[in-house]
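In: Predicted structure and sequence below. I'll ask about it afterward.
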Amino acid sequence: MTTHRRQVLVQLDNLELGGAQINAVQLSAAVAEHGYESLLVGPSDTLPTGPSVLDVSADYKVPARAYERPPSLFAHARVLSRFARGCGASLVHAFSTSERAAYWGAGLLGRRALVRTIYEMSFDPRTHPSIPLVIGTGYLRDELAGRPGGATLVSPPVDTARDAPGGIGRAAFRRELGLDAETVVLVIVSRLSEEMKARSVEDAINAVERLGDPRVRLVVVGTGDAAARLRGVAEAVNTRLGRTAVIFTGPLADPRPAYDAADVVLGMGSSAARGLAFGKPLVVLGERGWSAVFREPDVEAIFRNSFWSPAEVTDGAGLLAAHLRVLVGDTAERDRLGTAARAFAEANFGLPAMAERLAGVYDDALRTTSSRLWMRDLRMEGRILAAKLERKAGLSRGPASRALAWNQRDTDVVREPQPEGALR
C-alpha cells in the first residue's frame, strides 16, 4: 500500500440513503488503499429526518460534511473551493448531476484535477469533454469510446467483505418482526420514490396477495415520497388477507440485517447487487411491471442491463407472483440460486477491484489536468449559456436546448436500452 496520501473532495448532490451515494462512500473508503483520502460534502437541505449518508460515512470512517445550499452556481463554486483548500484536495470528484460548480471553483483554470461519475442510464451532454468520466455500464463505455476525457467503466460496487451471508443479525431481525423459521421472507430495500421505484414495490405488495400463502411475508425497507401511499396499499392487502403479510420498517442506516434475513431478495440496481452478495436468490424488478428471476440463461443480459428493465408489463403483479410461487415452494432451488448469487457477486462487482479502477482514473486525471484543457472546455460553457438564453427567450426547444437535453432519471440504476419486451 502506498504511503503518499493525496486528498480528494467528493461532491454529492444529496445526503439521502441512495445507492449512488452509498457507492460514493464505499469507493472513497476503498481508494485509501491506493493512496487517496477523501472528504465527502453535500447540501444540508437534503438530509432526511432519519438515517443518512452521514451515518454510512461514519461507519466507513470517511469524513463527510453538510453545507448550506448556495443560491447560485458561482456561490456553489466558492463553497467547493473553500472545502478543497481546507482539506488540501488536489482533485475534485463530482459524484453528481453536474461538475460545473467544481469547474468554476476548485478546478478553475485547471488548478485541480476534476473527475465526474455518471451512474444514470444515459450520458449527460452537458459534461465538459476533457473531464475524465466514470460510468456504470459497458453500454455507455462503448457509446463514449473516443471521448476526449475518456470514459472508464467502474460498476456500482458491492462491499462483498461486509455484505456477506451470516453473522449480520439475521435471527434478531426476523425475531423483532415476528418472523419464525417457517416464514418465507421476501425483502425489498429501496428508496420509495414515485419515479421508477413505486410501481415495482406496489406490484410486489399485490403479488403477495395473489400468492395467498400464509407462510409468506414481504418486508419493505426504505422511505421516500411514495412511502405513505404504498403503506396504504399494504394496509388494504393486510386487511383483505386478515394477517400482516406486508411489513414496512422505514429506512435503516445499515440494512444488512434485512438482506441477511431474507429468503428471497426483490430489487433493482445496487440493491439487487447487494442481495446477490448476501447469497440470496434474486428477483429483479423493472420500472414498468417487468420482473425476472436472476438465473441462467438470462444472467449476463440482466447484469449488462444493471439489474433493471424498461419493458412494459400490463399485469406486473401477476408475473411477479408466478416467479415467487416457484421460489417459495422450492427450498432446494432457493439454496442453489443463493450459492450461485454469491459466486457471481464476488466475481463481477467486488469493491476492491472497482476501487483500483477508480484510483487509476484519479491517477490519470492528476497527470493530465491543465489550464489548456480547462480553457478548451469553455466551449461547453458557451453552449450551456446559449441554451439558457433560449429558455429566457421562451425558446425552450431551441437548437442549443435540444442539444443539451439530458433524460436523467435515477442515480441507482444505469442500463442499456433494450427492445420492447427485452429480457422477458
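Out: Good, I have the coordinates.
In: domain assignment for the chain?
Out: Split into domains by automatic domain parsing, the chain comes to 6-157+350-403, 170-348.
In: how about the helices in the stretch 151-300 of the chain?
Out: Along the stretch 151-300 of the chain, counting by DSSP state H, counting those that start in this stretch, helices occupy 170-176, 198-211, 227-241, 256-261, 269-277, 299-304.
In: Any chance of those helices in TSV with distance to V361 and mean neighbour count as columns?
Out: The way it works is simple: take the backbone N, C-alpha and C, and place the C-beta from them, glycine included. Formatted as TSV, those follow (distance: least, CB to CB, whole Å; neighbours: other CB atoms under 10 Å):
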stretch	distance to V361	mean neighbour count
helix 170-176	37	16
helix 198-211	32	23
helix 227-241	36	15
helix 256-261	28	23
helix 269-277	19	28
helix 299-304	21	15
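In: How about residues contacting stretch 228-248?
Out: If you take CB atoms under 8 Å, 6 or more residues apart in numbering as the criterion, stretch 228-248 is touched by 177-178, 192, 198, 201-202, 205-206, 208-209, 212, 214, 216-220, 227.
In: Repeat the analysis, applying 7 Å as the threshold.
Out: With CB atoms under 7 Å, 6 or more residues apart in numbering as the test, stretch 228-248 has contacts from 177, 192, 198, 201-202, 205-206, 208-209, 214, 216-220.
In: Out of the residues you listed, flag the one nearest to L80.
Out: Distances from L80 to those, taken as CB to CB, are shortest for L192 (30.8 Å).
In: for that closest one, what are its contacts?
Out: Applying CB under 7 Å, 6+ apart to L192 gives the contacts A198, V201, G222, T223, G224, A226, A227, L230.
In: Please report how far it lies from A234.
Out: 11 Å (CB to CB, to the nearest Å).
In: Just list whatever residues bridge to V184.
Out: Using DSSP bridges, the bridge partners assigned to V184 are V216.
In: and it, how many neighbours does it have?
Out: V184 has 21 neighbouring residues, counting by other CB atoms under 10 Å.
In: if I look at it, how far off is R69?
Out: Distance, V184 to R69, using CB to CB: 45 Å.
In: Same check on V56?
Out: For V56, the distance to R69 (CB to CB) stands at 21 Å.
In: who's more crowded, the two?
Out: Ranked by neighbour count (other CB under 10 Å), V56 and R69 place V56 first, with 22 against 13.
In: Nearest to T249 among the contacts of L192?
Out: Taking CB to CB as the measure, T249 lies nearest G222 of those, at 8.3 Å.
In: Touching, the closest one and V187? I think so.
Out: No. In this structure G222 lies outside contact range of V187 using CB atoms under 7 Å: 10.7 Å.
In: Between those two, tell me which one has more neighbours.
Out: The residue with more neighbours, out of G222 and V187, is V187; 28 against 25, by other CB under 10 Å.
In: how near is that one to L133?
Out: According to CB to CB, V187 and L133 sit 34 Å apart.
In: same thing with Y103?
Out: Noted for Y103: a distance of 13 Å to L133, by CB to CB.
In: cool, and P255?
Out: In this structure, P255 and L133 are 30 Å apart, going by CB to CB.
In: next one: A273
Out: Applying CB to CB, the value for A273 to L133 is 21 Å.
In: Look at the nearest residue to T152 once chain neighbours are set aside and say how many residues are nearby.
Out: Leaving aside its chain neighbours, T152 sits nearest to V361 (5.1 Å; criterion: CB to CB, 6 or more residues apart in numbering). V361 sits with 22 neighbouring residues when counted by other CB under 10 Å.
In: Report the contact partners of V361.
Out: Going by CB under 7 Å, 6+ apart, V361 touches V115, P132, V134, T152.
In: The same query, at a cut-off of 8 Å, please.
Out: If you count contacts by CB under 8 Å, 6+ apart, V361 has them with V115, P132, V134, T152, V154.
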